[in-house]
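>>> fold the following, please.
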Amino acid sequence: MNTFLLEIVTPERLVYSKQVNSLSVRGVEGELGILPGHIPLVTPLQVAPLSVKSDGVTVSIAVHGGFVEVRKDKVTVLAESAELPVDIDIERAEAAKERAQRRLQSRSKQDDIDHRRAELALQRAVTRIKVSTGKGQQ
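Predicted coordinates for the structure are as follows:
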């Protein structure tokens with residue numbers, strides 16, 4: 001067996017479902033490569049592109065937090081949100097990146113919650129840009 005079923009699911013919909021050769025994700029402990037026959041595990045994900053290889057083609061998908069669950073013949077990514085490259089509006093992502101950077105630079109007496117929200121918005125925007133421009137592949 002040189003493939004496994006990968007499903008990427010958000011609260012709204014099934015984003016991706018396909019037999020794949022490998023998956024690379026960024027967990028909270030760092031990069032994780034998953035091949036067929038990987039040991040079972042569950043780990044939280046960072047806001048970052050994930051890389052899927054299937055039939056010699058590598059695709060990046062923007063994943064905004066969640067978990068990855070690895071089982072014997074299936075991997076499920078339960079994401080807060082996930083976007084394929086074709087679904088990303090690059091101009092909107094660039095504008096969101098600039099807004100988040102301005103908020104982070106103008107931090108004077110903002111509370112930590114606003115700062116953390118701006119950091120997360122920046123991470124999501126950068127992830128979308130990387131995936132949309134093809135630079136999200138590892």
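>>> and residue 68, what is it in contact with?
Shown in contact with residue 68 (Cβ atoms under 8 Å, 6 or more residues apart in numbering): 25, 27, 32, 34, 41-43, 45, 75-78. To be clear about C-beta, it is placed using only N, CA and C from the backbone, and glycine gets the same treatment.
>>> what pairs with the residue positioned nearest the centre of the chain across the strands?
The residue lying closest to the centre of the chain (Cα atoms, centre = their mean) is residue 63, at 2.2 Å. Beta-bridge partners for residue 63, by DSSP bridges, are residue 48, residue 82.
>>> chain center to whichever strand or helix holds residue 102: distance?
Assigned by DSSP states H and E, residue 102 falls within helix 90-105. With Cα atoms, centre = their mean, to the nearest Å as the basis, helix 90-105 stands 18 Å off its chain's centre.
>>> quick one: buried residues of that helix?
Across helix 90-105, burial judged by 16 or more other Cβ atoms under 10 Å covers 93, 96-97, 100, 103.
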